[in-house]
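Participant: task: produce atomic coordinates for the following.
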Amino acid sequence: MNSSKQTPLYDLHRQLGAKMTTFAGYQMPVQYNNGIIHEHLHCRSQAGFFDISHMGQCRVTGEHAAEALEKLTPGGIVDLKCGAQKYTVLTNADGGVIDDIIVTRIESGLSLIVNAGCKDKDFAYLRSQLPADCVFEALAELALFALQGPAAAAVLAKFAPQTGELKFMQACATEIAGTLCHISRSGYTGEDGFEISLPQADAERIARLLLAEQGVEPIGLGARDTLRLEAGLCLYGHELNESITPIEAGLQWIFKKGHSDFPGAEKILQQRQDGAERVRVGLTVDGRIPVRDGCEIVHQDQPIGTVTSGSFSPSLNRPVAMALLARRFAEPGTGLTALVRNSAISVTVTSLPFVPHRYRRT
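Facilitator: Prediction:
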């Protein structure tokens, strides 16, 4: 018996011909009839619609909500103006990452989006760590969509003109066809785009409206993963976990200068100052054989790291990967070897991202 959950768009995905799989406890579309490569390239050239309702949404309210969350992260939360967003991480006492999250400042406090696979542990952790004057509320009644790609802004502006004024990592409350939505200019593809939080009861109606627009096609988890890999973005459970620090993952830019009052700060800040022994890098792969996560990276037959994510890049028409490597081998241009089953595959350390970001920053 299948006990996995369904998002509010489950029936719509089936009508659209989706191939479904269980992911983080939910029945989710991997791809539709045209396949992953088509979906990936369509998002890069036009607009892709993603159902990400499996993600966790919650709210922390109270006068001191920002100060409380600041103490659980590398900081910058108290500096957010209303409507501004920040990507950050929850750290543990050993300097590892409990989860990477998106925080938005709202009038009553903070709105958070957490990863689907971490939702239960994150919510339990936040409830246990936040002080009594903060109110934690899981928002299970909300759905979440992403509209990504160069045509996304024009499509969304037809329904919610206010979104055209947003810059990358800004958010607003507005309406789409009479439904109150919270929309941010953000995403997980490297393209300009938006994430739309709205009531589950209206999810299918709004999804159909957006999908009816010229240039908009549904995109599954398969292309979502290849898009974020090309964009050099971390995936929890791969580039991030409870034993990988934010510095090792290459997230030095999320830190607030002078902030040291958060879990694992001693180890993390020492790494920030002196450098970590291992670091996240990009790899381009010679030939056509993808180098998948878990593959060992060697130099002169000596293990020096592990692939964290790898796939075929539709935009570059070649395999690419990310890996955690010993720092002395992390210089772009360094030639190394990946062990794929019994084959030795030549790889080259490459700067990230593989495909330039196209966020709207101005």
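Participant: would you list every one of the strands in the stretch 201-350 of the chain?
Facilitator: 216-218, 278-285, 296-299, 302-313, 318-326, 335-340, 343-350 (DSSP state E, counting those that start in this stretch).
Participant: which residues touch Leu324?
Facilitator: 239, 244, 248, 278-281, 305-306, 308 (C-beta atoms under 8 Å, 6 or more residues apart in numbering). The way it works is simple: take the backbone N, C-alpha and C, and place the C-beta from them, glycine included.
Participant: list the beta-bridge partners for it.
Facilitator: Arg280, Thr306 (DSSP bridges).
Participant: strands along the stretch 1-150 of the chain, start to end?
Facilitator: For the stretch 1-150 of the chain, strands defined by DSSP E, counting those that start in this stretch occupy the ranges 5-6, 19-23, 26-31, 47-51, 56-61, 85-91, 97-106, 109-114, 135-138, 142-148.
Participant: any low-confidence regions in this structure?
Facilitator: Residue ranges of the chain with pLDDT under 70: 1-2.
Participant: outline the domain layout of it.
Facilitator: For the chain, automatic domain parsing gives the domain ranges 5-54+141-230, 277-350.
Participant: closest one to Thr61 among those domains?
Facilitator: Closest approach to Thr61 among the domains of the chain (C-beta to C-beta): domain 5-54+141-230, 14.4 Å.
Participant: so which of the contacts of Leu324 is the most crowded?
Facilitator: Neighbour counts for these peak at Val281, which has 27 neighbours (criterion: other C-beta atoms under 10 Å).
Participant: go ahead and confirm that one touches Ala321.
Facilitator: No - look at Val281 against Ala321 with C-beta atoms under 8 Å: they stay out of range, at 9.2 Å.
Participant: highest mean neighbour count out of the domains of the chain?
Facilitator: domain 5-54+141-230 (a mean of 19; mean count of other C-beta atoms under 10 Å).
Participant: chain center to that domain, what's the gap?
Facilitator: Centroid separation between domain 5-54+141-230 and its chain, computed with C-alpha atoms, centre = their mean, to the nearest Å, is 14 Å.
Participant: where do the helices sit along the protein?
Facilitator: Using DSSP state H, the helices found in the chain span residues 10-15, 36-45, 65-70, 119-129, 152-159, 203-211, 221-230, 265-274.
Participant: the longest one - contacts with which helices or strands?
Facilitator: Just to be clear, that refers to helix 119-129. Under the contact criterion of 3 or more C-beta pairs under 8 Å, 6 or more residues apart in numbering; DSSP states H and E, helix 119-129 touches strand 56-61, strand 97-106, strand 109-114, strand 135-138.
Participant: repeat that for the first one.
Facilitator: Taking 3+ C-beta pairs under 8 Å, 6+ apart as the contact definition, the neighbouring helices and strands of helix 10-15 are strand 26-31, helix 203-211.
Participant: repeat for the fifth one
Facilitator: Taking 3+ C-beta pairs under 8 Å, 6+ apart as contact, the helices and strands that helix 152-159 lies on are strand 193-199, helix 203-211.
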